[in-house]
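K.L.:
predicted model and sequence below, questions to follow.
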Amino acid sequence: QVQLVESGGGLVQAGGSLRLSCAASGRTFSSYPMGWFRQAPGKEREFVAANSWSGGNTYYANSVKGRFTVSRDNAKNTLYLQMNSLKPNDTAVYYCAARPRGTYDSGNYDYWGQGTQVTVSS
């Protein structure tokens, strides 16, 4: 069993930056690919970014490519999402997830955090 807890969300002006963290419990953290998803009010949850268990391979949604960076520190059991040049349409609840059952962007993961709110003002 893996428990995930996100932190680092908040209110930021357009053009600003935030760094989200996802702390994982369990000794198998380093075995799992992990991803970030987001859900804005009234919209479907969407893929944001993911990386392989080693962090050596990363994947991004086109909407965040070049602005967001996903990374992980397996020694600290923590996944990160550095978000730069934030836009109002990045406003959403951001979730981390572990152990995908399909492709990284499918949303079919075994473990999910509770989410952290990111609000970008114009």
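P.N.:
Received it, and whenever you're ready, just let me know what you need.

K.L.:
chain center to the lengthiest strand in the chain: distance?
P.N.:
When secondary structure is assigned using DSSP state E, the longest strand within the chain turns out to be strand 92-100. Computed by Cα atoms, centre = their mean, to the nearest Å, the separation of strand 92-100 from the middle of its chain amounts to 5 Å.

K.L.:
over to stretch 94-109?
P.N.:
10 Å.

K.L.:
need the distance between the two termini of stretch 87-106.
P.N.:
Criterion Cα to Cα, to the nearest Å; first-to-last residue distance in stretch 87-106 is 24 Å.

K.L.:
mean confidence score for it?
P.N.:
Confidence over stretch 87-106 (mean pLDDT, whole number) is 94.

K.L.:
list the buried ones in that stretch?
P.N.:
Residues of stretch 87-106 classed as buried: 90-100, 104-105 (neighbour count, 16 or more other Cβ atoms under 10 Å). Any C-beta I mention is one placed from the backbone N, CA and C, and that applies to glycine too.

K.L.:
hmm, residue 111 is touching residue 22, no?
P.N.:
No. Residue 111 lies out of contact with residue 22 (Cβ atoms under 8 Å); the separation is 10.4 Å.

K.L.:
so for the two, which sits in the more crowded spot?
P.N.:
In this comparison of residue 111 against residue 22, neighbours counted by other Cβ atoms under 10 Å, the higher total goes to residue 22 at 26 against 18.

K.L.:
list the buried residues in stretch 25-44.
P.N.:
Residues of stretch 25-44 classed as buried under the neighbour-count rule (16+ other Cβ under 10 Å) are 29, 32, 33, 34, 35, 36, 37, 38.

K.L.:
now the fifth one: how far from residue 81?
P.N.:
Applying Cβ to Cβ, to the nearest Å, one obtains 10 Å for the distance of residue 35 from residue 81.

K.L.:
re the thing from before, relative to residue 61, which of the buried residues of stretch 87-106 is nearest.
P.N.:
For these, the minimum distance to residue 61 (Cβ to Cβ) is 7.3 Å, reached by residue 105.
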